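Student: Any chance you could fold what I've pasted below:
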Amino acid sequence: MVKRVLSTEPGLGMYMAGDNIAESISCEDIGWVHRNQILGKVIWQSQRTNVVDSVQN
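Tutor: Got it, this is the predicted structure:
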């Protein structure tokens, strides 16, 4: 399960949400997640490339 951290509170943990609202498990259903319940961290960054189409007459 991959979630985005919405909020952190000392003593409570992290409040999380999914990016795909239609298919994601609700953060209300999950509740607060403690740090010891997290197995890993996903870091992903895409580079945006600019594609220029040229028209020659």
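Student: Distance check, G13 against E23.
Tutor: 24 Å (C-beta to C-beta, to the nearest Å). In short, each C-beta sits where N, CA and C put it, glycine included.
Student: ok, the two, which is more surrounded?
Tutor: The residue with more neighbours, out of G13 and E23, is G13; 18 against 7, by other C-beta atoms under 10 Å.
Student: Contact partners for that one?
Tutor: 32-35, 37 (C-beta atoms under 8 Å, 6 or more residues apart in numbering).
Student: List just the nearest of these to I43.
Tutor: Comparing the contacts of G13 against I43 with C-beta to C-beta places R35 closest, at 17.1 Å.
Student: how near is the closest one to Y15?
Tutor: In terms of C-beta to C-beta, R35 sits 13 Å off from Y15.
Student: Among these two, which residue is more densely surrounded?
Tutor: For R35 versus Y15, neighbours defined as other C-beta under 10 Å are more numerous around Y15 (17 against 8).
Student: Okay, the more buried one and V33: tell me how far apart.
Tutor: 8 Å.
Student: swap in I21?
Tutor: Taken as C-beta to C-beta, the span from I21 to V33 is 18 Å.
Student: One more: R4?
Tutor: Taking C-beta to C-beta, one finds R4 at 12 Å from V33.
Student: any common contacting residues for these two?
Tutor: M16.
Student: State the number of residues packed around the residue lying closest to C27 once chain neighbours are set aside.
Tutor: The spatially closest residue to C27, leaving aside those adjacent along the chain, is A17, at 4.8 Å (C-beta to C-beta, 6 or more residues apart in numbering). Neighbour count for A17, taken as other C-beta under 10 Å: 16.
Student: now the helices: where do they sit in this protein?
Tutor: With helices called from DSSP state H, the chain shows them at 27-30.
Student: so where do the strands sit in it?
Tutor: Using DSSP state E, the strands of the chain run over residues 4-9, 13-17.
Student: quick one, which of those is nearest to I43?
Tutor: strand 4-9 (12.4 Å).
Student: Next, work out how far apart the closest residue to G18 other than its chain neighbours and S46 are.
Tutor: Take G18 and drop its neighbours on the chain: the residue closest to it by C-beta to C-beta, 6+ apart is S24, 2.8 Å away. Counting by C-beta to C-beta, the gap from S24 to S46 is 21 Å.
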